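*Asks:* here is a sequence together with a model predicted from it:
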Amino acid sequence: MSNPLVQAFFVGRAIAEVINERVEVALTDALSELGKFDAEAKEQLRQFTEEVIARANRAAETSATGTTTDNTSGGDSPDLQTEIDELRAEIALLRSELQKYRNAAR
């Protein structure tokens, strides 16, 4: 390669080929990462949807059976028997007030 013009041509051509290959690799890697991200996002959305539906179904079943569970408090739940006793006392108080009202209305 005695002619500098021919040498410059081949050097330019080699540079273009190397740049083309590297851009191709970088673009392929970027598209691969984008595909992975998309697949992971879809999977997370599917898991989220399943969890939401499962919780909604549990809440509907709990509501249908008349029992409640509070998983959000994280603290100590009040004693069930104490809660029942308090409700019974309130019912008894309401019954006596209702009876007083009925007797006064006669």
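*Replies:* Arrived safely.

*Asks:* and the next helix or strand past the lengthiest helix in the chain?
*Replies:* Secondary structure of the chain read by DSSP state H shows that its longest helix is helix 4-65. Downstream of helix 4-65, the next assigned helix or strand under DSSP states H and E is helix 80-105.

*Asks:* how far off centre is that next one?
*Replies:* Offset of helix 80-105 from its chain centre (CA atoms, centre = their mean, to the nearest Å): 43 Å.

*Asks:* so which other helices or strands are in contact with it?
*Replies:* Contact here means 3 or more CB pairs under 8 Å, 6 or more residues apart in numbering; DSSP states H and E; on that basis helix 80-105 packs against no helix or strand. For the C-beta atoms, the positions are set from N, CA and C on the backbone; glycine is no exception.

*Asks:* rewinding a little: what's the mean pLDDT across the longest helix of the chain?
*Replies:* Per-region confidence: helix 4-65 scores 92 on mean pLDDT.

*Asks:* kindly report the same for stretch 98-106.
*Replies:* Stretch 98-106 shows a mean pLDDT of 85.

*Asks:* quick one: contacts of that stretch?
*Replies:* For stretch 98-106, contacts defined as CB atoms under 8 Å, 6 or more residues apart in numbering pick out no residues.

*Asks:* just give me the neighbour total for residue 87.
*Replies:* By other CB atoms under 10 Å, the residues close to residue 87 number 10.
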